[in-house]
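[1] Sequence and predicted structure, then a few things I'm wondering about:
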Amino acid sequence: MAAFEPIWALGLMSGTSMDGVDGAMLMTDGQSIHAFGESYFRPYTAAEQATIAAALGCWQGDSPNPVSYTHLTLP
């Protein structure tokens, strides 16, 4: 297998808690991690959380009776 030069890669995710976005950097050649970089969390604003909550269950193929998220408390 050909060797690849390590690059910095950025990973982002937003989980089911709808609290914000996490990001992390690492240096990799695709097989090994050579270094860990910075990580960051950016919380959603109340308006962003409301927009995301309003979109739940709106995609084609979703259940016509989506799971209730009324137990979540938005700031």
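    Looks like it arrived, so ask away.
[2] how about the helices in this protein?
    For the chain, the helices defined by DSSP state H cover 46-55.
[3] if I look at residue 19, how far off is residue 44?
    According to C-beta to C-beta, to the nearest Å, residue 19 stands 7 Å off from residue 44. In short, each C-beta sits where N, CA and C put it, glycine included.
[4] what does residue 38 give?
    20 Å.
[5] Just want the most central residue of this structure.
    residue 13 (1.6 Å; C-alpha atoms, centre = their mean).
[6] For residue 56, report the pLDDT, please.
    Residue 56 carries a pLDDT value of 81.
[7] can you count the residues close to it?
    By other C-beta atoms under 10 Å, the residues close to residue 56 number 13.
[8] quick one, phi/psi of it?
    Backbone dihedrals for residue 56, given as degrees, to the nearest 10, come out at phi -60, psi 130.
[9] picking up where we left off before, which one of residue 38 and residue 44 is surrounded by more residues?
    Comparing residue 38 with residue 44 by other C-beta under 10 Å, the one with more neighbours is residue 44, at 18 against 9.
[10] Confirm for me that that one is in contact with residue 50.
    No: if you go by C-beta atoms under 8 Å, residue 44 and residue 50 don't touch, sitting 9.2 Å apart.
[11] can you tell me how far residue 11 sits from residue 17?
    From residue 11 to residue 17 the distance is 17 Å (C-beta to C-beta).
[12] wait, I meant residue 53
    Residue 53 is 12 Å from residue 17, by C-beta to C-beta.
[13] Settle it for me: which of these two has more neighbours?
    residue 53 (14 against 8).
[14] Can you show me the strands along the protein?
    7-13, 20-28, 33-43 (DSSP state E).
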